[in-house]
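Engineer: I'll drop the sequence and a predicted model, then ask my questions.
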Amino acid sequence: MEQVMVEKLIDTAIEQLKFSYTPYSNFKVGAALLTKSGKIYTGCNIENASYTPTNCAERTAFFKAVSEGVRDFQAICIVGGKDGKLTEYTAPCGVCRQVMMEFCNPKTFQIILAVDKERYEIYTLEELMPLGFGPLNLV
Ligand SMILES: O=c1ccn([C@H]2C[C@H](O)[C@@H](CO)O2)c(=O)[nH]1
Ligand SMILES: [Zn+2]
């Protein structure tokens, strides 16, 4: 992916931190999900007083896209930190990795973990979900 697109995804993910609803953990996460046609779906984490209904930023972005009929995913950028302070990489939780397995090609889907535009790492889904279980296993 071109550097300019990586930077746009990082900026977009950081912008979402302001929408993050986290009265319980104060851990704010933002996501920017890029489709193959170049559209970006955004997401933030949304917590709940009953805790388990909490939705991660990544799944918010995926479900927004899928609910609009869009499933041609290319990459996702994730940023996060306590009180919204970005000091370390925030990697997707296991549930979000499983949702990615449902809709993305593990060999090509790119996961960008970022702190800022100068500090980021890019992984494939396969690297973060080795031996994952997905739709092809049911064929
Ligand atoms: O990759 C991650 C990891 C955690 N969270 C959220 C869930 C919860 O609101 C808070 C603390 O786990 O961070 C995400 O949105 N994405
Ligand atoms: Zn998650």
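Structural biologist: Done, it's in. Ligands and ions are numbered 1, 2, ... in the order given.
Engineer: where's the most centrally placed residue in the chain, which helix or strand?
Structural biologist: Residue closest to the mean C-alpha point of the chain, counted by CA atoms, centre = their mean, is Glu58 at 3.5 Å. Following DSSP states H and E, one finds Glu58 within helix 57-66.
Engineer: what's the angle from the helix or strand just after that helix to helix 57-66?
Structural biologist: Counting by DSSP H and E, the next helix or strand C-terminal to helix 57-66 is strand 73-82. Between the direction of strand 73-82 and that of helix 57-66, the angle (axes from the mean of the first three to the mean of the last three CA atoms, to 10 degrees) works out to 150 degrees.
Engineer: For the residue nearest to the centre of the chain, list the residues it contacts.
Structural biologist: For Glu58, the contact set (CB atoms under 8 Å, 6 or more residues apart in numbering) comprises 29, 31, 33, 43, 76, 78, 92, 96, 99-100. No exception for glycine: its C-beta is placed from N, CA and C like everyone else's.
Engineer: okay but Gly132 is in contact with Lys107, surely?
Structural biologist: No. The pair Gly132 / Lys107 is not scored as a contact, 11.1 Å apart, by CB atoms under 8 Å.
Engineer: Helices along the protein, start to end?
Structural biologist: 3-16, 57-66, 94-103, 125-128 (DSSP state H).
Engineer: Can you tell me which of the ones you listed is packed in deepest?
Structural biologist: Ranked by mean neighbour count, the helices of the chain are led by helix 57-66 with a mean of 22 (mean count of other CB atoms under 10 Å).
Engineer: how far away is Ala49 from Tyr24?
Structural biologist: Using CB to CB, to the nearest Å, we find Ala49 at a distance of 8 Å from Tyr24.
Engineer: of those two, who's got more company?
Structural biologist: Ranked by neighbour count (other CB atoms under 10 Å), Ala49 and Tyr24 place Tyr24 first, with 11 against 8.
Engineer: Could I get the pLDDT score of the more buried one?
Structural biologist: What the model reports as pLDDT for Tyr24 is 98.
Engineer: Hmm, it is touching Tyr51, no?
Structural biologist: Yes. Counting by CB under 8 Å, Tyr24 touches Tyr51, with 6.9 Å between them.
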